[in-house]
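Participant: Whatever this is, show me its structure:
(one chain, ligands or ions: 1)
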Amino acid sequence: MTGTPNSRRIDVITVFPEMVEQVARFGVVGRAAERGLIELSAWNPRDYAEDRHATVDDRPYGGGPGMVMKVAPLHRAIQAARAADPRPARVIHLSPQGARLDQDRVARLAACERVIYLCGRYEGIDERLLEAEVDEELSIGDYVLSGGELAAMVAIDAATRLVPGALGHEDSAAEDSFATGLLDHPHYTRPEVYERRGVPEVLRSGDHGAVDTWRLKQALGRTWLRRPDLLAGRELDERQRRLLDEFIAEHRA
Ligand SMILES: Nc1nonc1C(=O)NC1CCNCC1
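Facilitator: Reported below is the predicted structural model:
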């Protein structure tokens, strides 16, 4: 799908292109691709290898276990991706050594017209490729994956949600967890009672002001309970402080 002139272009360098292309087939990312809001392409370094075996890795200098991804196939794949669109691209390497992906960094990715995600496999990528081509390293968490592809798909999904028009109704992204800097409030839908568990009365009251207040109180309270670190650096206004104090008092009662 060729995107509209102002579409975001996402390129992914990966030895498993079929894996990454799946993300553009479903849900929000799938709809955004269909609407031409984003354009996703995968580039396989095996197609740019120098030998007939399409070798993309080799044994590490200095010895040790595993294999290292070679510079040239990756470099050529990145060059091919860059050449596919005249706009400059930000090259992001997914790695546990990167900065932790959070909503602020997702928002910055969403604002980029072009991003090239570099997905490593094996023990890692030859440092010389990283030095020459990578603008930023990002991690989705302190654990070791088999490859950067799942991390790239996480970033693509989170960033695409913030592309104007990608969500059915704009405010959904604005109210998402972390978009407000708080955890999300509880959600309920029909039936009204399920196995003797009901729905909070306020949510069925039709009083939108009361619902908004209840949701803010629950978001503040859950954040206090589960992620107090998110509140540590945050100035609460008088209303938020009062609601949180109420929640804490009720929680301790
Ligand atoms: N955590 C991570 N956040 O982004 N990428 C991550 C990751 O584990 N990458 C693998 C590290 C070992 N080599 C293959 C890639």
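
Participant: Give me the longest strand you can find in this structure.
Facilitator: strand 90-100 (DSSP state E).

Participant: What average pLDDT does that one get?
Facilitator: Here strand 90-100 scores 98 as its mean pLDDT.

Participant: strand partners of that strand, parallel vs antiparallel please.
Facilitator: strand 114-119 (parallel), strand 136-139 (parallel) (DSSP bridges).

Participant: backbone phi and psi for the residue nearest the centre of the chain, please?
Facilitator: In the chain, the centroid-proximal residue (C-alpha atoms, centre = their mean) is Ala155; its distance is 2.6 Å. Taking degrees, to the nearest 10, you get phi -60, psi -40 for the backbone angles of Ala155.

Participant: mind showing which ranges of the stretch 101-250 of the chain have poor pLDDT?
Facilitator: Applying pLDDT under 70 to the stretch 101-250 of the chain flags residues 169-177, 179.

Participant: just the helices in it please.
Facilitator: For the stretch 101-250 of the chain, the helices defined by DSSP state H, counting those that start in this stretch occupy 103-111, 127-133, 149-160, 171-175, 208-226, 228-232, 238-252.

Participant: deepest of these, which one?
Facilitator: helix 149-160 (a mean of 22; mean count of other C-beta atoms under 10 Å). Every C-beta, even on glycine, is put in place using the N, C-alpha and C of the backbone.

Participant: ok, and what's touching that helix?
Facilitator: For helix 149-160, the external contacting residues (C-beta atoms under 8 Å, 6 or more residues apart in numbering) are 8, 10, 12, 14, 16, 19-20, 22-23, 27-29, 32, 37-38, 40, 92, 94, 101, 103, 106-107, 109-110, 115, 117, 119, 138-140, 145, 166.

Participant: So which of these reach the ligand?
Facilitator: With the criterion set as C-beta under 6 Å from any ligand atom, the members of these near the ligand are 94, 139-140, 145.

Participant: how far out from the middle of the chain is the longest strand of the chain?
Facilitator: How far strand 90-100 lies from its chain's middle: 12 Å, per C-alpha atoms, centre = their mean, to the nearest Å.

Participant: sorry, back to before: ok, which pair from the ones next to the ligand among the contacts of helix 149-160 is furthest apart?
Facilitator: Greatest spacing in those, by C-beta to C-beta: Ser139 and Leu145 (9.8 Å).

Participant: Dump the strands paired with strand 90-100 into a markdown table; add distance to Ala210 as well.
Facilitator: Output for these, formatted as a markdown table (distance: least, C-beta to C-beta, whole Å):
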| stretch | distance to Ala210 |
| --- | --- |
| strand 114-119 | 42 |
| strand 136-139 | 40 |
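
Participant: that older thread, just the buried ones among the contacts of helix 149-160, please.
Facilitator: Buried residues within the contacts of helix 149-160, counting neighbours by 16 or more other C-beta atoms under 10 Å: 8, 10, 12, 14, 16, 19-20, 23, 28-29, 32, 37-38, 40, 92, 94, 101, 106, 109-110, 115, 117, 119, 138-140, 145, 166.

Participant: And the contacts of stretch 206-214?
Facilitator: 185, 200, 202-203, 205, 243.

Participant: Go ahead and build a PyMOL selection from the buried members of those residues.
Facilitator: Of the contacts of stretch 206-214, the buried ones go into a single PyMOL selection, burial set by 16+ other C-beta under 10 Å:
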select buried, resi 185+203+243
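
Participant: Please list the members of the contacts of stretch 206-214 that lie in strands.
Facilitator: Going by DSSP E, the strands hold none of the contacts of stretch 206-214.

Participant: Out of the contacts of stretch 206-214, which is nearest to the ligand?
Facilitator: Nearest to the ligand among the contacts of stretch 206-214: His185, at 28.8 Å, using C-beta to the nearest ligand atom.

Participant: which phi and psi does that closest one have?
Facilitator: Torsion angles, degrees, to the nearest 10, at His185: phi -80, psi 170.
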